[in-house]
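Student: Got a predicted structure plus its sequence, pasted below:
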Amino acid sequence: MVQLHLVSRHASRYPEPDRINAFEKLEKIFANVSVAKEWYKNPFPMRKNLQLIERGEMEAYFDGLQCRKRYAKFWDGVEYDPEVIKFQSTENSRTGASMMAFSQGLFNGKGPLDTCKSQPIYYFNIPTQQDYILRMHYACRLFNETVLTNNKLLDEQPYAYGNKTLKQIAKRLSETYHISPPLDPYLVTQIFNNCQFWFTVFNRTDAWCSLLSPKELLLTRYYYDLLSYYQYSYGHPFNTRLACRYLTQLVDGVENYLNGNSSMIADLKNSHSFTLVLILIELGVFKDKFPLTADLTFEQIKSVKYTEYTLINWSSTLYFEIYKCSDDRVLVRVLLDFKPFLLPGCDSEYCEWDKFKEILGDNIGCDFEKMCDYP
């Protein structure tokens, strides 16, 4: 292997502001529900919203250790040099902190600082509205005007599902726990979120998770599957083009190195779940056999495999391994959480570089500004 590219998701974090506000509402509603008397209070302070939790700092650090161990031969003898190893994150604290923790794991004991021999590294980010590589949807006006707004399916499908399914779960919870006025179906999704964060931060499933049956947990998760599908995935055709600038700079980075115009051997980036999803769908992988809609049966929902919630975990990693063979052939292998997968059109998981570029087609060298309707 001659070069390594990584896009990872930031590690475990505190909830975002709108969810913390919803948890405050749930606290008031469940204050008089006896089953919740020991855990109804919201433990997530607004001042820490979206920051890494301690577990997250460790996750990113161990991702760096794992990179060093899994690619031991690649890293053998490599000393840190910002021209050789490139670190990048998006413009916020959780990705920047994840990148720093990752670098500490990667260069654990290899640097000059203090008794732990820490290695200082340089990492950079691009202002969000200009970050066409890692926060592409924020930087694309047309995406915001056609996918996030004026998107009939995004408006209709989650609403229809909530009215059909979440409403019934809210009714069951209201009757079971004598909640009056009846629970807003929207807050069922926030019980699901509270369940996630109580498990992530406190390793507890005996609190908010206990309010929902296993079936209800899956049905509630599917609401978010629908949102993600129509916002960032195959639910809108425009999404299959948004990662073109990332893939362009990946191809340029590989070819510049192979042609002797660059000394960079590792391009390591930390970003978000939607970044990984947009890259994967542009590669044409991980697509369910049927579109996700509000009227799927429970059996169909159980069979859904490829959504943001099922594919991308905290600290998920997407690696592109670049190989140069003795006969000068160049191969690329792509791995999600170290599991390789076959790219459509490739004969094996080790894909010929020219075939890889052929698959990407005009996504290489795309005019992102023109695509996003900037003058």
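Tutor: Great, that's in hand.
Student: Now residue 118: closest residue in space that isn't a chain neighbour?
Tutor: Nearest residue to residue 118, sequence neighbours excluded (CB to CB, 6 or more residues apart in numbering): residue 111, at 5.0 Å. C-beta here means a position set from N, CA and C on the backbone, and glycine is covered the same way.
Student: Could you report the pLDDT at the one you found?
Tutor: Looking at residue 111, its pLDDT stands at 93.
Student: Name the SS class of residue 22, please.
Tutor: For residue 22, the assignment made with DSSP: H, G, I helix; E, B strand; the rest coil gives helix.
Student: how about the strands in the chain?
Tutor: In the chain, the segments counted as strands under DSSP state E are 3-9, 85-89, 123-124, 266-271, 317-324, 330-336, 339-340, 351-352.
Student: just those strands: most buried one?
Tutor: Among the strands of the chain, strand 266-271 has the highest mean neighbour count (mean count of other CB atoms under 10 Å), at a mean of 24.
Student: Check the gap between the residue nearest the centre of the chain and residue 231 for me.
Tutor: Nearest to the geometric centre of the chain sits residue 273, at 1.2 Å (CA atoms, centre = their mean). From residue 273 over to residue 231 the distance is 11 Å, taken as CB to CB, to the nearest Å.
Student: list the contacts for the residue nearest to residue 118?
Tutor: Residues near residue 111 by CB atoms under 8 Å, 6 or more residues apart in numbering: 80, 117, 118, 119, 120.
Student: Tell me the one among those residues nearest to residue 58.
Tutor: Ranked by distance to residue 58 (CB to CB), these are led by residue 118 at 15.9 Å.
Student: hang on, residue 244 packs against residue 368?
Tutor: Yes - counting by CB atoms under 8 Å, residue 368 is a contact partner of residue 244 at 6.6 Å.
Student: So which of these two has more stuff around it?
Tutor: Between residue 244 and residue 368, counting by other CB atoms under 10 Å, residue 244 is the more crowded of the two (24 against 17).
Student: The more buried one - nearest residue in space that isn't next to it in sequence?
Tutor: Distances taken as CB to CB, 6+ apart put residue 366 closest to residue 244, at 3.7 Å, once the chain neighbours are dropped.
Student: I'd say that neighbour and residue 245 touch.
Tutor: Yes - using CB under 8 Å, residue 366 is in contact with residue 245, at 6.5 Å.
Student: So those two - more neighbours on which side?
Tutor: Using other CB under 10 Å, the more surrounded residue of residue 366 and residue 245 is residue 245, with 23 against 19.
Student: OK, contacts around the more buried one?
Tutor: Residue 245 makes contacts with 132, 133, 136, 366, 368, as judged by CB under 8 Å, 6+ apart.
Student: still on that earlier bit, give me phi/psi at the residue nearest to residue 118?
Tutor: phi -110, psi -170 (degrees, to the nearest 10).
Student: ok, and the closest non-adjacent residue to the residue nearest to the centre of the chain?
Tutor: Using CB to CB, 6+ apart, the nearest residue to residue 273 is residue 312, at 4.3 Å.
Student: how many neighbours does the one you found have?
Tutor: When neighbours are counted by other CB under 10 Å, residue 312 registers 21.
Student: ok, it to residue 202 distance?
Tutor: From residue 312 across to residue 202, the span is 22 Å (CB to CB).
Student: about what we covered before: now the contacts of residue 111 in CSV, with distance to residue 49 and neighbour count?
Tutor: Compiled in CSV, the contacts of residue 111 are given as follows (distance: CB to CB, whole Å; neighbours: other CB atoms under 10 Å):
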residue, distance to residue 49, neighbour count
80, 33, 16
117, 34, 12
118, 29, 16
119, 30, 17
120, 29, 11
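Student: Tell me which of those fall in helices.
Tutor: When DSSP state H is applied, those are split such that none fall in helices.
Student: quick check, nearest of those residues to residue 104?
Tutor: The closest of these, once distances to residue 104 are taken by CB to CB, is residue 118, at 6.4 Å.
Student: From residue 217, how far off is the closest one?
Tutor: According to CB to CB, residue 118 and residue 217 sit 41 Å apart.
Student: same check, this time on residue 100
Tutor: In terms of CB to CB, residue 100 sits 34 Å off from residue 217.
Student: again with residue 43
Tutor: Here residue 43 is placed at a distance of 21 Å from residue 217 (CB to CB).
Student: who has more neighbours, those two?
Tutor: residue 217 (17 against 14).
Student: pLDDT value on that one, please?
Tutor: We have a pLDDT of 98 for residue 217.
Student: contacting residues for it?
Tutor: Contact analysis of residue 217 by CB under 8 Å, 6+ apart lists 192, 195, 209.
Student: Out of those, give me the one that has the most neighbours.
Tutor: The most crowded member of the contacts of residue 217, judged by other CB under 10 Å, is residue 192 (23 neighbours).
Student: show me what contacts that one?
Tutor: Contacts for residue 192 (CB under 8 Å, 6+ apart) come out as 212, 217, 220, 221, 224.
Student: quick one on the thing from earlier: how about the contacts of residue 245 in a markdown table, adding distance to residue 296 and pLDDT?
Tutor: Conversion of these to a markdown table gives the following (distance: CB to CB, whole Å; pLDDT from 0 to 100):
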| residue | distance to residue 296 | pLDDT |
| --- | --- | --- |
| 132 | 34 | 96 |
| 133 | 34 | 97 |
| 136 | 29 | 96 |
| 366 | 33 | 94 |
| 368 | 34 | 95 |
